[in-house]
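> dropping a prediction and its sequence here:
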Amino acid sequence: MEAQLLCTEGGRPAIRRAYRDSNLLNDRVLNALLRAEDRYLPAPNYFKCAQREIAPYMRRIVATWMLEVCEEQRCEEDVFPLAMNYMDRFLSVEPTKKSHLQLLGAACMYLASKLKETIPLTAEKLCIYTDNSVTATQLLQMELVVLNKLKWDLASVTPLDFIDHFLSQLSVRRENRPILRKHAQTFVALCATDVKFIASPPSMVAAGSLVAAVEGLQMKMAGNATMSQELIEQLAQTIRSDPDCLRACQEQIESLLETSLRQAQLQPNSGTMDTKSSCEGQDLSSTPTDVRDVRI
């Protein structure tokens with residue numbers, strides 16, 4: 001029998017994932033998520049009330065770094081928005097030095113990975129992603145600090161928890177759902193990097209992302225062209241919100257996407273992170289050192 005070789009360069013090997021349980025897509029679970037989401041919202045103005053050294057642009061730099069780490073390591077899609085929720089909730093209650101912000105981001109990814117991954121990220125791997133500016137001991141110590149400040153309540157509700165619920169209620173062709181879900185997931189990740197959505201309820205971000213994805217892809221529902229207003233009214237009723245608020249959220253998401261694309265075109269090689277390849281073929285995102293110096 002010939003041995004089968006698997007290529008695992010450039011990240012972790014493929015991991016077997018559990019299938020999504022369609023039995024959980026019911027009104028009882030959705031209502032439970034809607035009741036719980038406000039409990040996990042960070043303070044909307046923590047930059048003014050709780051933080052003295054940290055500014056919104058610093059959060060964006062670290063968030064971009066965290067997103068690229070999660071993408072390179074092929075983490076579960078829930079890991080990044082969950083890690084950002086931990087970081088925002090922590091910053092809402094604990095004054096933090098700017099030199100500790102990347103350490104905090106690494107600790108939040110570490111915790112989110114433990115909660116969501118079959119094989120979680122290791123402390124050693126995360127330290128390498130910081131260019132070894134953080135030690136494993138410091139990471140583990142920060143992990144305990146975060147757990148203490150969050151009162152060990154890590155089962156946060158994120159926008160991704162709502163996407164499948166909303167999709168199951170829409171008259172979308174089955175073959176179109178995967179790409180629609182993928183685009184909505186991309187919008188959710190983009191929102192997690194922007195401070196404007198810190199205090200937005202996860203259900204609102206999820207609904208706005210789904211509407212933006214449907215309109216952007218010009219999907220067809222029930223054999224007819226999507227009626228934007230009908231879709232917004234349906235989702236607004238589901239999340240018990242005003243349709244105008246949902247429309248405003250959708251437009252804000254689309255504006256954020258346009259801004260991000262414009263910046264990427266103007267400065268394709270000036271991101272906060274670059275990728276280094278070792279002689280063994282291992283890709284590692286470098287640390288955003290500007291966060292430590294805060295001279296950008």
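Noted; the coordinates are in hand.
> tell me how far the closest residue in space to F166 that isn't next to it in sequence lies from T158.
Of all residues not flanking F166 in the chain, L210 sits nearest, at 5.3 Å (CB to CB, 6 or more residues apart in numbering). Every residue, glycine included, has its C-beta placed from N, CA and C. Note on L210: its distance to T158, by CB to CB, to the nearest Å, is 14 Å.
> so which elements touch the helix or strand where F80 lies?
Here F80, judged by DSSP states H and E, is contained in helix 79-93. When contacts are defined as 3 or more CB pairs under 8 Å, 6 or more residues apart in numbering; DSSP states H and E, helix 79-93 sits against helix 46-49, helix 56-72, helix 101-116, helix 136-149, helix 177-192.
> residues of the third one that come out buried?
Just to be clear, that refers to helix 101-116. 101-113, 115-116 (16 or more other CB atoms under 10 Å).
> closest one of these to L256?
G105 (20.2 Å; CB to CB).
> touching, the closest one and Y86? I think so.
No. Between G105 and Y86 there is no contact under CB atoms under 8 Å: 9.3 Å.
> returning to what we had before: adding distance to T122 and mean pLDDT, write the helices and strands packed on helix 79-93 out as TSV.
Output for the helices and strands packed on helix 79-93, formatted as TSV (distance: least, CB to CB, whole Å; pLDDT from 0 to 100):
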stretch	distance to T122	mean pLDDT
helix 46-49	30	89
helix 56-72	12	94
helix 101-116	9	96
helix 136-149	9	96
helix 177-192	23	91
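> highest mean neighbour count out of these?
Neighbour counts (mean count of other CB atoms under 10 Å) averaged over each of the helices and strands packed on helix 79-93 peak at helix 101-116, with a mean of 24.
> to L30, which of the helices and strands packed on helix 79-93 lies closest?
Closest among these, using CB to CB: helix 177-192, at 16.1 Å.
> off-centre distance for that closest one?
Relative to the chain's own centre, helix 177-192 is displaced by 10 Å; criterion: CA atoms, centre = their mean, to the nearest Å.
> kindly report the same for stretch 199-218.
14 Å.
> now it: buried residues?
Applying 16+ other CB under 10 Å to stretch 199-218 flags 200-214 as buried.
> again, but for stretch 90-100
Quick answer for stretch 90-100 (16+ other CB under 10 Å): F90, L91, S92, E94, T96, K98, H100.
> and the furthest pair within those residues?
Comparing all pairs in the buried residues of stretch 90-100 by CB to CB, the longest separation belongs to S92 and K98, at 16.6 Å.
> rewinding a little: distance to D244 added to the helices and strands packed on helix 79-93, as a markdown table?
Formatted as a markdown table, the helices and strands packed on helix 79-93 follow (distance: least, CB to CB, whole Å):
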| stretch | distance to D244 |
| --- | --- |
| helix 46-49 | 27 |
| helix 56-72 | 26 |
| helix 101-116 | 33 |
| helix 136-149 | 36 |
| helix 177-192 | 19 |
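> longest helix in this structure, please.
Identified as the longest helix of the chain according to DSSP state H is helix 243-266.
> report all helices and strands that it contacts.
Packed next to helix 243-266, using 3+ CB pairs under 8 Å, 6+ apart, are helix 177-192, helix 202-217, helix 228-238.
> per-residue confidence averaged over the last one?
Computed over helix 228-238, the mean pLDDT rounds to 86.
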